[in-house]
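S.K.: Next input, structure requested:
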Amino acid sequence: MGFIGKRLSTTLLTLFLVSLLTFAAFRLIPGDAALLALGTEATEEQLASLRVEMGLDKSFPAQYFSWLGNLLTGRLGYSSRFMGAPVSEIILERLPVTLALAGFSFLLITLIAFPLSLLSVKKENSVTSRVITTLTALNISMPPFFLGLLFIWVFGIILRVFVPGAFVSYQESPAAFFGYLFFPALTIALPSAALVLKFLRSAIFREFKSDYARSAKSKGASPSHILRRHVLKNASLPAISLFGMIAGEILAGSIIVEQVFGIPGMGRLLIASINARDYPLIQTIMIYIAFAVILANTLADIVLQMMDPRIRLSQKV
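M.R.: Below is the predicted model of the structure:
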């Protein structure tokens, strides 16, 4: 079995374990889902009937494998919080918002981290480099929720660049939708961009000290030529793995940032579902988040293996 086959097998096993742990964790949370759905005025007969309908009267293994089978066949169940609406419809309504926010954040991370890391290398020991290093350390240590509140205060309340809480759906106005997502995406992107910048800057300096870079320099190649033709590619390889890890940070950050900016995405939906003990909706969202994180890391490993000949050779040994 090749590298990709082994990596996909590991991914499937990881997803299975995550689904099992997710299912078990939310079954251990105190509270009665049937009671929360029907209210305190419900009779014992009504509660018992709903528990049977929700499968809560079955054993844990029976509940888990029944839920897993439904998940694999696309039968995600019905939400108790949203008046019995299909979970699939609720997810599809919120998913584009979170995906747009995550994609926008990834774009900003790339646009911030790569140019500034190159600028910092070219302006080594200058005021510009010191400013970039200081801002990098500041953004790494700053939590997303604080950045979000800071952006709301400065750009929303003082400068009035946008109206906090005035979210516009992509169906109403795509331009207004992405305009509102800019500051939430920037809130998520800045800490991750600072981490990528620091990582990439260190990798570039390390590659410049390698034998092939010194050999190219001894042949008369300029630092800019060495950077473009040799160093940048090799220094970017570890950053690909880092991007896979950042996917989890982006999804975790979006849960908080959606709350701060009032964005009706998967993060806000997850918090509301947990409070309502809406098990079908909670488990589906958690599986989506786990799948997105694991898929991002799997793709990063596959791309890295395809780009780096040393990894390909090690797989054949």
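
S.K.: only C-alpha atoms for contact and neighbour calcs from this point on.
M.R.: OK.

S.K.: which regions of this structure lie under the pLDDT threshold?
M.R.: 1-3, 26, 29-41, 50, 53-55, 252-253, 307-317 (pLDDT under 70).

S.K.: quick one, what contacts the residue most central in space within the chain?
M.R.: Central residue of the chain (Cα atoms, centre = their mean): Leu251, 2.7 Å from the mean position. Applying Cα atoms under 8 Å, 6 or more residues apart in numbering to Leu251 gives the contacts Ala102, Ile289, Val293.

S.K.: name the element it belongs to?
M.R.: Applying DSSP states H and E as the criterion places Leu251 in helix 232-261.

S.K.: which stretches of the stretch 201-317 of the chain form strands?
M.R.: Along the stretch 201-317 of the chain, no segments are classed as strands by DSSP state E, counting those that start in this stretch.

S.K.: Show me the helices in it, by range?
M.R.: Under the criterion DSSP state H, counting those that start in this stretch, helices of the stretch 201-317 of the chain are mapped to 211-218, 223-226, 232-261, 266-275, 279-307, 309-316.

S.K.: Centre of the chain to the third one, how far?
M.R.: Yep, that's helix 232-261 we're talking about. Centroid displacement of helix 232-261 relative to its chain, using Cα atoms, centre = their mean, to the nearest Å, is 6 Å.

S.K.: Counting neighbours, what do you get for the residue lying closest to Phe243 once chain neighbours are set aside?
M.R.: Nearest residue to Phe243, sequence neighbours excluded (Cα to Cα, 6 or more residues apart in numbering): Ala300, at 7.3 Å. Counted with other Cα atoms under 10 Å, the neighbours of Ala300 add up to 21.

S.K.: Pull the contacting residues for Ala300.
M.R.: Ile240, Ser241, Phe243, Gly244.

S.K.: Out of the residues you listed, which comes closest to Ala166?
M.R.: Phe243 (31.0 Å; Cα to Cα).

S.K.: Now for the closest residue in space to Ser254 that isn't next to it in sequence: which residues touch it?
M.R.: Spatially, and ignoring its direct neighbours in sequence, Ser254 is nearest to Gly267 (6.2 Å; Cα to Cα, 6+ apart). Applying Cα under 8 Å, 6+ apart, we find Gly267 in contact with Thr98, Ser254, Ile255, Ile256, Glu258, Gln259.

S.K.: The stretch 1-150 of the chain: helices as residue ranges?
M.R.: According to DSSP H, counting those that start in this stretch, the helices that the stretch 1-150 of the chain contains are 3-27, 33-38, 44-54, 60-72, 87-122, 127-140, 144-151.

S.K.: tell me the angle the last one makes with helix 127-140.
M.R.: Angular relation of helix 144-151 and helix 127-140 on a 0 to 180 degree scale: 120 degrees, by axes from the mean of the first three to the mean of the last three Cα atoms, to 10 degrees.

S.K.: cool, and the longest one?
M.R.: Relative orientation of helix 87-122 versus helix 127-140 (the same axes, to 10 degrees): 150 degrees.

S.K.: now the third one
M.R.: Orientation of helix 44-54 against helix 127-140 (the same axes, to 10 degrees) gives an angle of 130 degrees.

S.K.: any residues touching stretch 133-152, and which ones?
M.R.: 120, 164, 183-184, 187-188, 190-192, 194-195, 197-198, 253, 256-257, 260-261.

S.K.: now with 7 Å?
M.R.: Stretch 133-152 is contacted by residues 164, 183-184, 187-188, 190-191, 194-195, 253, 256-257, 260 when judged by Cα atoms under 7 Å, 6 or more residues apart in numbering.

S.K.: Tell me the most packed of those residues, by neighbour count.
M.R.: Neighbour-wise, the contacts of stretch 133-152 (other Cα under 10 Å) top out at Ile188, 30 neighbours.
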